[in-house]
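Chemist: show me the folded form of this:
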Amino acid sequence: MTHDELRELEKARRKALWALASLYPGDSGASEPLAILDHLDNQEQNDAVSTDTSLALLDVRDSVPVRHHHCGIDIVLEHDIPQPWRERFLQASIGSTSIADGLYATDWERFLDKWEREMQHLHNHQVAQAASS
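Modeler: Here you go, the predicted structure:
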């Protein structure tokens, strides 16, 4: 998968996750974002490069080093974040402040926590959808 394809995939995923965020599991309005997310997951799984580089959330947490910057904050370096997580983080963080040397570690940690909650919320929607079928 090219960088541009990954960016577009994660942009679409982010948009669908934001659409689901305000809906309760079982809401009929969840059908379209769920279909989009299912399609994106299938697309990602069918791409050998993305499958090979995909790490579980816990592995990503452990693999990205946090560095103390001389300005007094902790940062993570963009190149230390493996794909597709880097693009997921960048798409979720559009408009966020960073410094030239790196990304705020607190934003990275907040993203990972939020991702975990989003995946649980997505799972709850999928269970509700399956139960109503």
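Chemist: which non-adjacent residue is nearest Ala105?
Modeler: In space, and not counting its chain neighbours, Ala105 is closest to Asp74: 3.8 Å by Cβ to Cβ, 6 or more residues apart in numbering. All C-beta atoms are positioned from the backbone trio N, CA, C, and that covers glycine.
Chemist: where does the one you found land on pLDDT?
Modeler: At Asp74, the model reports a pLDDT of 96.
Chemist: cool, Gln45 as well?
Modeler: 82.
Chemist: what's the spacing between it and Ala100?
Modeler: 36 Å (Cβ to Cβ, to the nearest Å).
Chemist: now swap in Gln91 and tell me
Modeler: According to Cβ to Cβ, Gln91 stands 21 Å off from Ala100.
Chemist: of these two, who's got more company?
Modeler: A count of neighbours by other Cβ atoms under 10 Å puts Gln91 above the other of Gln91 and Ala100, at 21 against 4.
Chemist: what's the spacing between that one and Trp18?
Modeler: Noted for Gln91: a distance of 10 Å to Trp18, by Cβ to Cβ.
Chemist: near the residue nearest to Ala105, how many other residues are there?
Modeler: Using other Cβ under 10 Å, Asp74 is surrounded by 14 other residues.
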